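Asker: Here is my input; please provide its structure:
(chains A and B)
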Amino acid sequence: MLDKIAHYFDFQQQALNLRAKRAEVIASNIANADTPNYKAVDIDFAAALQSAQGNPSRLAMTVTDPAHIASQPATGGSVGAELKYRSAVQRSLDGNTVDMDVERAAFTDNAMQYQSTLTFLNRRISGLNDAIKGGQ
Amino acid sequence: MSLNNVFTIAGSALTAQSMRLNVVASNIANAESATSSTGQPYQGRHVVFSAIPVSASQPQVAGVRVTSVVEDTSPPRLKYDPGNPLADQRGYVNLPNVDPVEEMADMISAARSYQTNVELMNTAKNLLQKTLQLGQ
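Answerer: Next comes the predicted model:
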């Protein structure tokens, strides 16, 4: 039963992990906006989330006795986000492909999505709380 | 945690951009220094930015660091001023190869990058605070 409660948060947990990872990647792009030959990278969020959901981590418990309750492996473990190079809108002479407008928009968008996911997770937690308390 | 790395990355950019501002200040202050301790006119200086990976596992996600400060090797500006004690036989004085207009543009660029990175850190701080309040 408890692992069902844990699984209840899996999706949001993975999404938050990926959003935090993407914030790091975009911060790296913005920090290197003036570095010659730096190539901007980004995460394909949808693909990364899909692969994270299909990737069971090693946190599952082993069943050694028929009386044990089988638990599904937790899926919130590793975030295997593949980084892809961004194709430059305008090329610059020093080989840098960071477009500050694109990066700032992406960072803000990512931050907003992170907050939305947090809100959804908060609602899930309070919903579960209500169910446990039985309306008392 | 990935969001903490945003502080490392944006922090490294703040250090690098403030070094760039220092170099610009030095160039503008010495734009008219016709002689120095070496006897030669002051030479303009430029910072060299390099991307420094945050973790070995992901070399594309990088902070930034000033790896060296190079001297501008372009020829000195010549000014006809026969009354100057530093003038050569033809009456010309060697002045630094610093272009104040170029330096001002560089200064604005550095200041903007600095501001952007401060905003990045503020956003990451807000996201982390919201995450800490999860489920309350």
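Asker: Count the residues that sit near residue 108.
Answerer: I'll assume chain A. A count of neighbours around A:Thr108, defined by other C-beta atoms under 10 Å in any protein chain shown, yields 13. Placement of C-beta: from N, CA and C, glycine included.
Asker: could you do chain B instead?
Answerer: Using other C-beta under 10 Å: B:Ile108 sits among 10 other residues.
Asker: That one should be in a helix, yeah?
Answerer: Yes. Counting by DSSP: H, G, I helix; E, B strand; the rest coil, B:Ile108 falls inside a helix.
Asker: do the helix or strand hosting B:Gln115 and chain A meet?
Answerer: Per DSSP states H and E: B:Gln115 is located in helix B:100-132. Yes. Counting by C-beta under 8 Å from any C-beta of the partner chain, contacts between helix B:100-132 and chain A involve B:109, B:113, B:116-117, B:120, B:123-124, B:126-127, B:130-131.
Asker: Can you name every helix or strand that that helix contacts?
Answerer: Applying 3 or more C-beta pairs under 8 Å, 6 or more residues apart in numbering or on different chains; DSSP states H and E, we find helix B:100-132 packed against helix A:10-31, helix A:100-133, helix B:2-29.
Asker: swap the cut-off to 10 Å and go again
Answerer: Packing partners of helix B:100-132 (3 or more C-beta pairs under 10 Å, 6 or more residues apart in numbering or on different chains; DSSP states H and E): helix A:10-31, helix A:100-133, helix B:2-29, strand B:45-55.
Asker: most residues in a single strand of chain B, which one?
Answerer: Using DSSP state E to define each element, chain B has its longest strand at strand B:58-71.
Asker: Packing partners of that strand?
Answerer: With contacts taken as 3+ C-beta pairs under 10 Å, 6+ apart, strand B:58-71 sits against helix A:10-31, strand A:41-43, strand A:83-85, helix B:2-29, strand B:45-55.
Asker: Please name every helix or strand in contact with the longest one.
Answerer: The reference is to helix B:2-29. Where contact means 3+ C-beta pairs under 10 Å, 6+ apart, helix B:2-29 is packed against helix A:10-31, strand B:45-55, strand B:58-71, helix B:100-132.
Asker: Adding distance to A:Met100 and mean pLDDT as columns, could you present the ones you listed in a markdown table?
Answerer: Shown next, in a markdown table, are the helices and strands packed on helix B:2-29 (distance: least, C-beta to C-beta, whole Å; pLDDT from 0 to 100):
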| stretch | distance to A:Met100 | mean pLDDT |
| --- | --- | --- |
| helix A:10-31 | 7 | 92 |
| strand B:45-55 | 15 | 92 |
| strand B:58-71 | 14 | 91 |
| helix B:100-132 | 7 | 95 |
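Asker: A:Asp130 is nearest to which of those?
Answerer: A:Asp130 lies closest to helix A:10-31 among the helices and strands packed on helix B:2-29, at 17.5 Å (C-beta to C-beta).
Asker: In contact with residue 28, which residues?
Answerer: Assuming you mean chain A. By C-beta atoms under 10 Å, 6 or more residues apart in numbering or on different chains, the contact set of A:Ser28 is A:38, A:40-41, A:83, A:98, A:103, B:5-6, B:8-10, B:12-13, B:51, B:53-54, B:58, B:60-64.
Asker: not quite, I wanted chain B
Answerer: Here B:Ile28 is in contact with B:44, B:98, B:100, B:103-104, B:106-107 (C-beta under 10 Å, 6+ apart).
Asker: hmm, 6 Å instead?
Answerer: Counting by C-beta atoms under 6 Å, 6 or more residues apart in numbering or on different chains, B:Ile28 makes contact with B:Glu103.
Asker: ok, so what distance separates it from B:Leu95?
Answerer: Relative to B:Leu95, B:Ile28 is positioned 14 Å away (C-beta to C-beta, to the nearest Å).
Asker: Quick check: which of the helices and strands packed on helix B:2-29 is buried the most?
Answerer: For the helices and strands packed on helix B:2-29, the largest average neighbour count (mean count of other C-beta atoms under 10 Å in any protein chain shown) is found in helix A:10-31, namely a mean of 24.
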